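Student: sharing a sequence plus its predicted fold:
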Amino acid sequence: MSANPVRASLPDPLRGSFIFATLSAASGVMLGALSAHLPDRLFAVPGGRAMLHSAVEIQMWHALGLCVLSLNASRLSPKLIRLSCLCMAVGMVLFCVPVTLLALFNLKLGPMSVGRIAPYGGTMLMIAWCLAAASALRRPFQD
């Protein structure tokens, strides 16, 4: 009998999701501190602090959700949960990055504000949660 307990490992795509989620949480803490301590005059747009705070809040909740989904993937439909995790990661990037860049730099893509990308990220996040629900319906929880 081995002194080391057997550890279940995450499949590579879900391991990547977990790593992405933990790094997103770490950067969310940094951006949260920036949001709390940056002087108002350094935000690029009016309401920039609230905008950045909202992006950080979405980022942190979804980082946590992505960690939970990744760690519980073996109990869910494999294809759907991988797709859900991918959509969540893409959605986080497409929502949080543009909102952060808008709040801090008022970044433009040609004549268009980078913030116009955020609704696509929000839609991806909603799709990700629906796919997570479908993965649980497709394969009931097992102990």
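Tutor: Received, thanks.

Student: how close does S77 sit to S70?
Tutor: Separation of S77 from S70 (C-beta to C-beta, to the nearest Å): 14 Å. Where C-beta positions appear, they are placed from N, C-alpha and C, glycine not excepted.

Student: who's more crowded, those two?
Tutor: Using other C-beta atoms under 10 Å, the more surrounded residue of S77 and S70 is S70, with 25 against 19.

Student: now R49: how far from A133?
Tutor: 34 Å.

Student: which one of the two is surrounded by more residues?
Tutor: R49 (18 against 13).

Student: and the strand or helix carrying the more buried one, what's buried?
Tutor: Using DSSP states H and E, R49 sits within helix 48-71. For helix 48-71, the neighbour count (16 or more other C-beta atoms under 10 Å) marks 48-49, 51-56, 58-60, 62-63, 65-67, 69-70 as buried.

Student: quick check: phi and psi on L109?
Tutor: phi -110, psi 90 (degrees, to the nearest 10).

Student: for it, give the beta-bridge partners.
Tutor: Bridge pairing for L109 (DSSP bridges) gives the partners M112.

Student: that one and L102, how far apart?
Tutor: 11 Å.
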